[in-house]
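[1] Sequence first, then the predicted structure:
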Amino acid sequence: MEFYEVEPTLDNYWRAIILFGRNVASYKFALAKSLYELNAVSNDLVKMEKLAEPFSRHLCEHLKLESKQITSKSSKFLSACNNFNADKLSHDELIKQTVKLGFANVIDAFHVVNNGEIKHRFFIDERKQNGGIRITDNFFKLAEHEQFTNFEHETEARWKLVEQGWKMGVARNLITVEYDQELKTLFTGTKERRVDITSCRDSLNGYQKGRCFYCYSSISVSRKTDNLADVDHFLPWTLKNHVPNINAVWNLVLACKDCNRGENGKFARVPTIKLLGRLHKRNEYFISSHLPLRETLIQQTGNNETRRKQFLQQSYSIAKATLIHEWQPEIKGIITF
């Protein structure tokens, strides 16, 4: 079986940190979001006091919505954040506590993915020499990438997914992430007691790297852009009474407007078998990540790759027998997955 290959580009390394780095605390997400904000600073040396402001702010905002931000039982730093949210701690004292306690592990662990440090660093730890971190050219080059504006959305989406996984704790094997077609969001629970997790676009884009699933043209997850991605059902929605669980993550991809609803778009046609293979590789890539999409896909399509391929094949056969006509667009962009 051919597995998904991650390109050795800076945006791949960055996304590996966000998607595959260790999740014993949510601090890396707060640090990533802080770095997005500090991209515009003129000095590449960021003092810890300056970094502490956005870092603590992002964590305080998330703590207001979800109390569990770490897998350990307690954290003096998070206690300080909670005290600030409860008006028991001044902002100046929060910054002092953040500098003292907030970066204990995240600075060292940020570039570690799958128990090893990645090849390219986005900042260098100079706390001992200069009292801060020095942002590298890699990060500034990353900031010039066409996908940079999407990274904040992806980071926030990943943060919420991890929070939800922790929140569901020992029952995480029972997590099922579902898709709301009208709101374009992912949620868990039932219709009566559902928990909205995050934007579906933001969650899927990290895997497609800002490219249409079908033609590779550039797409965005920002609502203010002209090329805002459509969330598309790979096997058309019109098969909802024929294909089981068609409105689930395994069947959702991001598509450009031309492919989803343009003159030569897919509509009620079935993507070719070649594109089905691409979907299978995409789903296996999801499964290689961690909670909770991994568990969801396994539940939806099978507990090993053979069964998942069989599930896709059966669903595809139903689609072909029902809708007959195939569809595949011309390649319009750089083939990135």
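    That came through, no problem. Bear in mind the structure is a predicted one, so any value in this text is a computation, not a measurement. Numbering: from 1, shown residues only.
[2] who's in contact with Gln310?
    Gly302 (C-beta atoms under 8 Å, 6 or more residues apart in numbering). Quick note: C-beta positions are derived from backbone N, CA and C, even for glycine.
[3] and the one helix or strand it maps to, which residues are buried?
    Secondary structure from DSSP states H and E places Gln310 in helix 305-323. Neighbour counts over helix 305-323 (16 or more other C-beta atoms under 10 Å) mark 308-309, 311-312, 315-316, 318-319, 322-323 as buried.
[4] okay, these in a markdown table with distance to Val24 and pLDDT next?
    Below are the buried residues of helix 305-323 laid out as a markdown table (distance: C-beta to C-beta, whole Å; pLDDT from 0 to 100):
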| residue | distance to Val24 | pLDDT |
| --- | --- | --- |
| Arg308 | 29 | 94 |
| Lys309 | 33 | 93 |
| Phe311 | 33 | 94 |
| Leu312 | 34 | 93 |
| Ser315 | 37 | 92 |
| Tyr316 | 39 | 91 |
| Ile318 | 42 | 88 |
| Ala319 | 42 | 87 |
| Thr322 | 47 | 81 |
| Leu323 | 46 | 82 |
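[5] In CSV, list the residues you listed along with distance to Ala30.
    Converted to CSV, the buried residues of helix 305-323 look like this (distance: C-beta to C-beta, whole Å):
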residue, distance to Ala30
Arg308, 34
Lys309, 39
Phe311, 38
Leu312, 37
Ser315, 40
Tyr316, 42
Ile318, 45
Ala319, 43
Thr322, 47
Leu323, 46
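[6] Check those against Gly262 and report the nearest one.
    Set against Gly262, the nearest of the buried residues of helix 305-323 by C-beta to C-beta is Leu323 (18.6 Å).
[7] can you tell me which residues contact that closest one?
    By C-beta under 8 Å, 6+ apart, the neighbours of Leu323 are 236, 238-239, 268-270.
[8] what number of residues lie near the closest residue to Tyr36 other than its chain neighbours?
    In this structure, Tyr36 finds its nearest non-sequential neighbour in Glu152, 5.1 Å apart by C-beta to C-beta, 6 or more residues apart in numbering. For Glu152, the neighbour count with other C-beta atoms under 10 Å is 16.
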